[in-house]
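Mind looking at a prediction? Sequence and model below.
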Amino acid sequence: MKTENADIAVIGAGAAGLSASAVCARAGLRTLVIDREETPGGVLLQCIHNGFGLHYFHEELTGPEYAERLLEKARSAGVEFRMESAVMKLCDLGNEKELTVYSGADGVTVIRAKAVILAMGCRERSRGNLAIPGDRVAGVITAGLAQRFLNIDGFLPGSSAVIVGSGDIGLIMARRLTWCGIQVKAVVEILPYPSGLSRNIAQCLDDFHIPLRLSTTVTGIHGRDRVESIGIAPLVNGEPDLSREEIIPCDTVLFSVGLIPENELSRQCGVEINPSTNGAYVDGSLMTGVPGIFACGNVLHVHDLVDFVSEEAENCAANAVGYVKNGPPTMEKQLRTIAADNLSYVVPNACRRGVPTRFYMRPKVLCRRAELLVKKGDGTVLLRKKLQYVKPAEMITADLPAESTAGCPDTAELRFELRPEEEAKV
Amino acid sequence: MEKMENYDVAIIGAGVTGAATACTLSRYDLRIALLEKAADVGFGVSKANSGIVHAGFHYPLTTLKGRLEILGNLMFEKLQYELGFPFRRCGIVVAAFSEEEMKEVRKLYQRGLENHVPRIELCDRERMLHLEPKLSPEVMGGLYAPNGGVVEPYRYVFALTELAKLNGVELFTNCEIVRAERKNGLWELSDASGRLFLAKYVINAAGLYADEVSRIFGAEEFKIVPRKGEEFLLDRNSKAYPSKVIFPVPTGHSKGVLVIPTVEGTTMVGPTAEVVEDKQDTSTTRANFKQVFALAKKMVPAVSERELITSFSGSRPSMAGEDFLIEPSKKVPGLIHAAGIQSPGLTASPAIGGYIRDLLKEQGLELREKTNVVRSLPPMPAVRNMSPEEADLLHKDDPAWTRIVCRCESVSEAEIVNAIRKGHTTLDGIKFYTRAGMGRCQGGFCSYRIIKLIARETGMTPEEVTRRGRTGTILRGHIGAEETKNEN
């Protein structure tokens, strides 16, 4: 077995891994990026549509273009790539982390690094996770897999489709299938509002007259060898109203019902996972509970824009660089953050006093206007932010300047509250 | 007309019964054909089996299934040693939650004693919680049978078939027998695509279709009633994973909803038991999903719907009388039925093979043991069971050993290619053979790689690759294919 040393090992060469690794290498650290796929870029490579980069590059790019730019940054900074390589084991040895990496080219390599950045992204929730009733037939796949078949390999997944779930990949795929001559008969969403971005509803469904069926569930997928039809029915008090069941003939069902951070490796080496994000608990420097292991991007919490992933990853990498160069920070007590009223989570889960911090959070409610409040334990308001068109599909960000937390006692907590001010018209 | 193949024994159905029979008979100097209508072995009843090696306290020794269960149970260590399939004798507990249920448990205990179930034990609440800490504290008492176990049913069928093949058994898949005619003291069988097989003896091990096969031969009229069972599989991280198979107290014909620690580390809950009309019905329902979880949680509170990775169903081939029907046809010569093999069929299967061999001998088949019998399968290395050093060593022979295709279950390209070369060329076949696609992402990441490997190894186009045979292709064409056609 080969052995190799690095300052920082980044697991995953998607948007988060590329963005993070560029920062590490630019700081003069030997940075290795390890990824299972043949080429760096992650899921961006199959996202051939535009809409990426408006915040981060201030221009509209396609997924592969966005990936190309990140890759260029990383390469020119001196990042080394280990592609077609799977990290099978991650061990915390205290001052060092040990990664056991399998690849066809090199066999098994043991990499020792001073710090690790987790950037493994997420996987799609599948039909199986949801106990969708009906037959086990070919033609039922996740939207992302269909996207890969179509955009990387050019394979058509079917000839007529129904999409279950209105996540962004599903919406994008509704348009993509239509362009390929595959009839998309409906997008079915169990919630009373769509899960994807508004612009995707407009550009991918409305523009193509694809019906979006809200508050509707799947009663069954039917077929012998391949999908022949799908049954759907409106939800009434949480149960399908079978008197209004509708059978839609189709040969393909795509699932776009949510993403799950891929934290198997993290769990393996003792990183504690937050059940509300399915990502690691992280402190103000995006370091997990295991010192020297950091996390960013979709493995930390599922983002809706890649631009935020890049930004978070760069911030995370800067902290990892500091950790490697200056050694572990002295045990400072950080301010715990709490997602309170109408928020399902806040990342990070702690904040360093007197350090400017960006917070990401996910609202639980849909409203036209709302106010975000960040309070100290004693009720003092540290930040107020007016928000418009709040919805669970769109992440909220808030920046807390250094001075607002500088004087907080170390027992303080930060409470994040979302106050709806005007109801949304659904 | 096609060349007529001549066999001593033709076995219809390559499920656990057919495969075990083929494996047993393959030791003798016989020409044997194993005929399977699906694209791969074990794709019928066996595929959706709960994988329990039963302990032998459910049925009296007056029943054939009771006797074969006891015998079969004893044979698993030897079989595992020879065939290397995943098997663990983890023990079975039956959990009672009321005085009423305790009465039933005492009856089971008595039956267990009568059946000589080794070390069977009647337990109080404390003993139960000590044996199985995952049980609900509400448990009142129960039964413990240390000789029960779990096995991976499809891997068991694959292994039986492989050993049979090494000893000369010829396997034909996609081979549905549609006609049987008696000619010159032999049976002439033809399949749906016109292939012909001549056989002195035929074993009807057709599972759910044993009644239809019997009819084709003009033999006994009986009816196989599909009794469907739905199963729900939880992630390997589930906290519900028990150390023993947990049974409720049985009611009627069903042993009830179990909480099963599968050999490979996932937790399975199920099955339901519901008579259905359609033999091909493998659907799951919302109502049963709710019911199964409610029942499982009563026994093991840590069971959670949130950890579900997939659900599936299959039907048991039940018959009037509820016993196995393993006997020569009284109406036609040279046909032996092995029908109604529902639970505990998997447990009984090693014994069923021997039982059928003895029936054949009584019928006049000459059995001469071969001198060069292969008695065991070569080990089937799997990267997930190897140390990094071992994997690195294998890499020196073939780099595909450290090329990981299925990330959730850690399956290497070498294992998948091995499966394909052994004839498993559907996504489900590869999944059951290697576990690739069986983990938490359910093939979301690896399906496309496996499709490409199947295409590379077999010369099929990716569009021809199916989920489990017939018309169930995964892909339906290629961008620009229409245009290419038009240009030509």
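Thanks, I have it.

Show me which residues of the helix or strand bottoming out on mean pLDDT in chain A are buried.
The helix or strand of chain A with the poorest confidence is helix A:402-406; it has a mean of 88 (mean pLDDT, DSSP states H and E). Of the residues in helix A:402-406, A:404-405 count as buried by neighbour count, 16 or more other C-beta atoms under 10 Å in any protein chain shown. C-beta here means a position set from N, CA and C on the backbone, and glycine is covered the same way.

swap in stretch B:65-77?
Result for stretch B:65-77 [16+ other C-beta under 10 Å]: buried residues B:65-73, B:75-76.

follow-up on the earlier one: tell me which strands and helices the least confident helix or strand of chain A is in contact with?
strand A:381-390 (3 or more C-beta pairs under 8 Å, 6 or more residues apart in numbering or on different chains; DSSP states H and E).

Tell me the gap between the strand it packs on and the middle of its chain.
Centroid displacement of strand A:381-390 relative to its chain, using C-alpha atoms, centre = their mean, to the nearest Å, is 23 Å.

likewise stretch A:354-367?
Distance, centroid of stretch A:354-367 to centroid of chain: 15 Å (C-alpha atoms, centre = their mean).

Same question for stretch B:157-166.
So, by C-alpha atoms, centre = their mean, the centroid of stretch B:157-166 is 13 Å from its chain's centroid.

still on that earlier bit, output the least confident helix or strand of chain A as PDB, restricted to C-alpha atoms.
Output in PDB follows, covering the C-alpha atoms of helix A:402-406 (Å, rounded to 0.1, in the frame of the first residue of the first chain):
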ATOM      1  CA  ALA A 402     -18.000  41.400  14.600                       C
ATOM      2  CA  GLU A 403     -19.000  44.100  17.000                       C
ATOM      3  CA  SER A 404     -22.500  42.700  17.700                       C
ATOM      4  CA  THR A 405     -21.100  39.600  19.400                       C
ATOM      5  CA  ALA A 406     -17.800  41.000  20.700                       C
END
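
max-length helix in chain B?
helix B:345-362 (DSSP state H).

Buried ones in it, by neighbour count?
B:345-357, B:359-360.

same question, stretch A:36-51
For stretch A:36-51, using 16+ other C-beta under 10 Å, the buried residues are A:36-37, A:40-49, A:51.

do stretch B:323-339 as well
For stretch B:323-339, by 16+ other C-beta under 10 Å, it's B:324-326, B:328-329, B:332, B:334-339.

now do stretch B:213-229
So stretch B:213-229, judged by 16+ other C-beta under 10 Å, has buried residues B:213-214, B:216-217, B:219-220, B:222, B:224-229.

Relative to chain A, which of those is nearest.
Nearest to chain A among the buried residues of stretch B:213-229: B:K228, at 12.1 Å, using C-beta to the nearest C-beta.

who's the closest residue in space to A:L32 that isn't next to it in sequence bridged to?
Excluding its sequence neighbours, the residue lying closest to A:L32 (C-beta to C-beta, 6 or more residues apart in numbering or on different chains) is A:A6, at 4.4 Å. Beta-bridge pairing of A:A6 under DSSP bridges involves A:A113.

Low-confidence stretches in the chain?
Looking at chain A here, since you left the chain open. Across chain A, the ranges flagged by pLDDT under 70 are A:330-331, A:425-426.

Please refer instead to chain B.
Residues of chain B meeting the criterion pLDDT under 70: B:1-3, B:253, B:482-488.

Would you map the helices across it?
Using DSSP H, helices in chain B cover B:16-25, B:64-74, B:76-83, B:99-114, B:125-131, B:153-166, B:210-216, B:286-299, B:345-362, B:388-397, B:413-421, B:427-434, B:447-458, B:481-487.

one step back: ok, so what distance separates the residue nearest to A:L32 from A:C24?
In this view, A:A6 and A:C24 are 10 Å apart by C-beta to C-beta, to the nearest Å.
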